[in-house]
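# sharing a sequence plus its predicted fold:
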Amino acid sequence: MRPLKLTPLLQLNIRVIDDQHQQLIDMINQTQDILNHQEDPVALVQILNQLRELTILHFTTEELLMKKYAYPDLKNHKSQHDISAQKTFDFDGAALMDDPSAAHSLLSLLRSWLLTHISEDAEMAKFLREKGAE
Amino acid sequence: MSNTQAIETFSDTNNLSVFDWVDARHQFLVGTYDRLMVTPDRKQISRCLYLAHQIQNACKHHESGILAALQLNRTPKHQYIKELMAGVLCELLGKKARMTPSSRLLLICASLTQDIAMLDLQDSKLDRQATPLTESQLKFIRKHATTGRSILVKAGVKDALWLNAVEQHHERLDGSGYPNGLKEEDISLGAKVLAIADIYAAMVRPRGDRGIKTPKYAIKEVFLQRGEQLDVTLVKNLIDILGVYPPGAWVKLANGELGVVSASGQDVPFPIVSVVLDNSGQLLPSAQTRDTQIKECSVIDMVDTPFLFNLGAILSSIWPTIPEDKKHGVKGN
Ligand SMILES: [Fe+2]
Ligand SMILES: [Fe+2]
């Protein structure tokens, strides 16, 4: 699979959000790389640890912006975040060390984390930009 | 401690391990509760302020050690460990929320006295009760915040911050809390901070009808309550303070070693870990520090407390001791 890029389609033009999405895309590409080259699975564990941190930071960032600008669909958007957050927290880190199929699960977690909410994010970003966020 | 006597002539301070420090604070707290129950007056309020002051002071240089000691604490007689942990978290959260030191002091007092109206129910029943709460217990619990405020007023507390935090610590942003179903803008900042500290501290300590939760689970749960129930920024601050792997959490490293998180580390996903067991499960002669940013020392996951006796000495050696003024130090009960 070709590396993912923050294409104009995925770009939301709100700096802080785009930067965090970029970090997630980097993690997806790194995970793909590790899988392709059958590298040491410890690197996957490091990615999972970083993903947990990014999840907290990113969802908090978006929700504070939505609240600040009184985004009407905040509740629904937040529940999407909760689904991804739950999966991220519950992911079994130990399995990455000895179960090769766990690496694929991590990759699909990362992808669904990004893809399920980025379309919601586009709606949100449009609203936020109109209200003056950048 | 057998060698205390010998040191006494040379020095006016005791050096307590973080565990002994927690133990002394707990004893003092129990003594304060006993006195408050009998005679709620200013003397007991001074004891609360005094204890809060010690917690605040110790947090300046021993934040990680104290958090770890509270997290690792499994002493059954320490039934008010939750109040102490909530007090420490209030101090740290209050600092992040830019509350003044004197406001934080009152907030620590609030966490120490948050459940003052249900001490009986807490120690004698809930801890040993294996069945769900009864109807009358629930009713009693729902009243404890208001009753707690009254007891404190009777004892002479006049600070609004302290009283409001106790009365409102079960209120939730969406109005689903008790006793008054207050909404976000009507809940005091102190109560919002105390609510988060209390929820987290309650989850990580063992309790009869609810099993113990790992810090990882507790952090997830608190995070999922952000927004509707708990303030988003304060929740984020709590996770920044504790890290995804909080001090005192047992973790397994990629190289097979087992240890406890001694400090959150500069970057949140990479805590400092003190290894206690080698990769074959053997107790090491002394704890070894590991930087988990290094690949082979990566934290794989949190694990349950290993079932081993005599971990006390090696764990005590991980964190620096806390000096305690003998003359003004805590005199137990
Ligand atoms: Fe989002
Ligand atoms: Fe997003």
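Thanks, I have the structure now. Ligands and ions are numbered 1, 2, ... in the order given.

# could you report the neighbour count for the closest residue to ligand 1 within the stretch 101-250 of chain B?
Residue nearest to ligand 1 within the stretch 101-250 of chain B: B:Gly227 (12.8 Å; C-beta to the ion). No exception for glycine: its C-beta is placed from N, CA and C like everyone else's. Residues lying near B:Gly227 (other C-beta atoms under 10 Å in any protein chain shown) number 24.

# check contacts around it.
A:63, A:74, A:78, B:173 (C-beta atoms under 8 Å, 6 or more residues apart in numbering or on different chains).

# again with A:Ala43
Counted by C-beta under 8 Å, 6+ apart, A:Ala43 has contacts A:30, A:34, B:295.

# among those residues, who's most crowded?
Counting by other C-beta under 10 Å, top hit in the contacts of A:Ala43: A:Ile34 with 20 neighbours.

# which positions in whichever helix or strand that residue is part of come out as buried?
Element membership of A:Ile34 [criterion: DSSP states H and E] is helix A:15-36. Buried positions in helix A:15-36, judged by neighbour count with 16 or more other C-beta atoms under 10 Å in any protein chain shown: A:17-18, A:20-21, A:24-25, A:27-32, A:34-35.

# longest strand of chain B?
strand B:283-291 (DSSP state E).

# so what touches that strand?
Contacting residues not belonging to strand B:283-291 are listed as B:253, B:257, B:259, B:262, B:270, B:272-278, B:297, B:308, B:310-311, B:314-315, B:317-318 [C-beta under 8 Å, 6+ apart].

# narrow the residues you listed to those in strands?
Per DSSP E, these map to strands at B:253, B:259, B:262, B:272-277.

# please identify which of those is nearest to B:Asn15.
Proximity of the ones in strands among the contacts of strand B:283-291 to B:Asn15 (C-beta to C-beta) peaks at B:Ser262, which lies at 18.1 Å.

# about what we covered before: widest-spaced pair of the ones in strands among the contacts of strand B:283-291?
B:Ile272 and B:Leu277 (16.9 Å).

# I'd say B:Gln54 and B:Arg25 touch.
Yes - look at B:Gln54 against B:Arg25 with C-beta atoms under 8 Å: they come within range, at 6.9 Å.

# the two: which is more packed in?
Neighbour totals were compared for B:Gln54 and B:Arg25, and B:Arg25 leads with 28 against 21 (other C-beta under 10 Å).

# tell me which element that one is part of?
Short version, using DSSP H and E: B:Arg25 is in helix B:18-38.

# longest helix anywhere in the chain?
Picked chain A for this. helix A:100-130 (DSSP state H).

# was after chain B, sorry
For chain B, the helix with the greatest residue count under DSSP H is helix B:42-72.

# so where is the chain shaky, pLDDT-wise?
I went with chain A, as the question did not name one. In the predicted model, chain A carries pLDDT under 70 at residues A:1.

# that's the wrong chain, I meant chain B
Using pLDDT under 70, the flagged stretches of chain B are B:1-11, B:121-130, B:206-212, B:266-268, B:326-333.

# tell me where it has helices.
So, for chain B - with DSSP H - the helices run B:4-8, B:18-38, B:42-72, B:81-96, B:101-113, B:119-120, B:135-155, B:160-168, B:189-204, B:215-224, B:232-242, B:312-316.

# out of these, flag the one nearest A:Lys68.
So among the helices of chain B, helix B:232-242 is nearest, using C-beta to C-beta, at 10.7 Å.

# name the helices or strands packed onto that closest one?
Applying 3 or more C-beta pairs under 8 Å, 6 or more residues apart in numbering or on different chains; DSSP states H and E, we find helix B:232-242 packed against helix A:42-68, helix B:81-96, helix B:189-204, helix B:215-224.

# sorry, back to before: give the other helices and strands that the longest helix of chain B contacts.
Using 3+ C-beta pairs under 8 Å, 6+ apart: helix B:42-72 touches helix B:18-38, helix B:81-96, helix B:101-113, helix B:135-155, strand B:258-263, strand B:322-325.

# now the fourth one: buried residues?
When you say that, I think you mean helix B:135-155. By 16+ other C-beta under 10 Å, the buried positions in helix B:135-155 come out as B:140-141, B:144-145, B:147-149, B:151-152, B:155.

# likewise the second one?
When neighbours are counted by 16+ other C-beta under 10 Å, the buried residues of helix B:81-96 are found to be B:81-95.

# which residues are contacting that helix?
Contacts for helix B:81-96 (C-beta under 8 Å, 6+ apart): B:22, B:25-26, B:29, B:52, B:55-56, B:59, B:63, B:66-67, B:70-71, B:73, B:75, B:103-104, B:107-108, B:110-112, B:114-115, B:193-194, B:196-198, B:200-202, B:204-205, B:234, B:237-238, B:240-241.

# one more: the third one?
Applying C-beta under 8 Å, 6+ apart, the contact partners of helix B:101-113 are B:29, B:32, B:36, B:48-49, B:51-53, B:55-56, B:83-84, B:86-87, B:89-91, B:94-95, B:99, B:148, B:152, B:157, B:159, B:161-162, B:165-166, B:169, B:190, B:193-194, B:197-198.

# number of residues surrounding the nearest residue to B:Lys236 once chain neighbours are set aside?
Residue nearest to B:Lys236 in three dimensions, not counting chain neighbours: A:Thr60, with 4.6 Å by C-beta to C-beta, 6 or more residues apart in numbering or on different chains. Using other C-beta under 10 Å, A:Thr60 has 20 other residues around it.

# would you mind checking which of the contacts of B:Gly227 is nearest to A:Glu130?
A:Leu74 (15.6 Å).

# surely the closest one is in contact with A:Lys67?
Yes - taking C-beta under 8 Å as the definition, A:Leu74 is a contact partner of A:Lys67 at 6.5 Å.

# neighbours around the spatially closest residue to B:Ala69 that is not a sequence neighbour, how many?
Leaving out its chain neighbours, the residue that sits closest to B:Ala69 by C-beta to C-beta, 6+ apart is B:Val18, at 3.9 Å. Residues near B:Val18, counting by other C-beta under 10 Å, number 26.
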